[in-house]
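> Sequence and computational prediction follow.
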Amino acid sequence: MSGSTILGMGHYVPPRVVTNNDLAILMDTTDEWITQRTGIKERHWIEGDVGASELAEHATRGALAEAGLEPKDIDLILFATLSPDLNFPGSACLLQARLGIPGVAAMDIRNQCTGFLYGLKTADAYIRSGLARNVLLVGAEVHSTGLDVTTRGRDVAVLFGDGAGVAVVGPQTSDDPGAAHVIDTELHADGRFAEILMVEVPASRLNPRLTLEMMEAGRHFPKMDGRSVFKHAVERLPEVIHSILKRNGYTLADVDILVPHQANLRINEMVARQLGFPAEKIVNNIQKYGNTTAASIPMALHEAVQDGRIQKGHLVLLAGFGAGLTWGASLVRW
Ligand code: ACO
């Protein structure tokens, strides 16, 4: 059983930039409020009809080029998203059609901000067991068209951006044994807190699933108990980080760089303080992109590889927390 390796990555955001001042035209908010509470200065939002699979295709083309592979070399697509193009079928199928590789297995992962880490563990398991060779692992979201961009929805609407991040994960080969080797991934969930961050309707548990009254009440928009999410995040993230390091025989001092999910700069700053981990070793790009949920870890990871912050040999720690609740961490030796 060989381990798995990240062979190449790509990321993509749509060209339209929406600043905090742009949002202040739509709702009662200010650049100061958003910056102070979240660190976000701007985000990219799609224009027109663009689904998550379209953003993913752009990022995939880049990731395949970096890996030196073609679509036909992929034998499994894992697509992490909370904003699929359609309620069903999943966006993995739509991306597969875009790539022109009919017959290749394709599945969606519904684990929100931890979706990329759930996907990484799944890819790693498929590759280690020999069930797949090259896995296309996608995190992609179109949030902008699902937000309440009025004052009623301002606590959530200012947080989210659109984007895609992709990793091609393949077997570790003997000629390049150290390349971005996936060491371990630890995953958790606690469904007791599902309703502190959710989109409630349309829902199969309701009959009818969607009514005009529900829409008028805004129940089809994301709802969040922000303080509760914050509180859980700053407890669970340090916990899972300590746990994955311990079970692999490392300490925080061994970690060269931490790439956390980009939910809120304040969450990442508090987690760093609790860990006693140096701020300069943490990758944060939420200022430019907002929270892109399943895309945020691969986007931040790829940017840090491209700008040289991640170097060959570095021990890279990925950590995510989000709706579900779900949380997890991965260790990768670059
Ligand atoms: N602009 C201006 N005022 C606002 C805005 C806004 N965009 N949103 C809310 N307010 C107001 C509220 O109405 C409230 O006013 P009031 O005091 O008159 O009632 C005031 O600001 C404070 O509101 P709170 O919700 O208490 O603000 P808080 O300090 O908790 O900050 C925030 C809100 C930023 C969402 C915070 O709770 C948070 O960061 N939570 C973490 C959740 C998170 O990051 N989620 C991301 C998605 S989940 C994930 O990816 C993990």
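Thanks, I have the structure now.
> what does the average pLDDT come to for the helix or strand harbouring Ala304?
Following DSSP states H and E, one finds Ala304 within helix 296-306. Helix 296-306 carries an average pLDDT of 98.
> now swap in stretch 32-43 and tell me
98.
> Point out where this structure drops to low pLDDT.
Within the chain, the ranges that satisfy pLDDT under 70 run 1, 174-178.
> Report the separation between the residue of it found nearest the ligand and Ile282.
Closest to the ligand within the chain is Gly226: 2.6 Å, counting by CB to the nearest ligand atom. Where C-beta positions appear, they are placed from N, C-alpha and C, glycine not excepted. As judged by CB to CB, to the nearest Å, Gly226 and Ile282 stand 22 Å apart.
> Between those two, point out the one with more neighbours.
Ile282 (21 against 15; other CB atoms under 10 Å).
> I figured the more buried one hits Pro260, correct?
Yes - assessed by CB atoms under 8 Å, Ile282 is found in contact with Pro260 at 6.6 Å.
> Which neighbours do the two have in common?
Common neighbours of Ile282 and Pro260, using CB atoms under 8 Å, 6 or more residues apart in numbering, are Asn268.
> For the stretch 1-150 of the chain, which segments are assigned as helices?
In the stretch 1-150 of the chain, the segments counted as helices under DSSP state H, counting those that start in this stretch are 20-26, 31-38, 52-67, 91-99, 115-128.
> Turn those helices into CSV, including mean neighbour count.
Listed next are those as CSV, based on neighbours: other CB atoms under 10 Å:
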stretch, mean neighbour count
helix 20-26, 16
helix 31-38, 16
helix 52-67, 23
helix 91-99, 22
helix 115-128, 24
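> In a markdown table: those, plus distance to the ligand.
A markdown table is the format used below for those (distance: least, CB to the nearest ligand atom, whole Å):
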| stretch | distance to the ligand |
| --- | --- |
| helix 20-26 | 8 |
| helix 31-38 | 4 |
| helix 52-67 | 16 |
| helix 91-99 | 19 |
| helix 115-128 | 11 |
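> closest one to Val234 among those helices?
With CB to CB, the closest approach to Val234 among those belongs to helix 31-38: 14.4 Å.
> Contacts made by the closest one with the rest, please.
With contact meaning CB under 8 Å, 6+ apart, helix 31-38 is reached by 19-21, 23-24, 40-41, 158-159, 264-266, 286.
> Adding distance to Gly218, write these out as TSV.
Shown next, in TSV, are the contacts of helix 31-38 (distance: CB to CB, whole Å):
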residue	distance to Gly218
Thr19	24
Asn20	22
Asn21	24
Leu23	17
Ala24	20
Ile40	22
Lys41	26
Val158	16
Leu159	16
Asn264	22
Leu265	27
Arg266	26
Ile286	25
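> between those residues, which is nearest Val149?
Leu23 (7.4 Å).
> Would you map the strands across the stretch 151-300 of the chain?
163-171, 181-189, 197-198, 223-224, 257-260 (DSSP state E, counting those that start in this stretch).
> Please identify the most buried of the ones you listed.
Ranked by mean neighbour count, the strands of the stretch 151-300 of the chain are led by strand 163-171 with a mean of 29 (mean count of other CB atoms under 10 Å).
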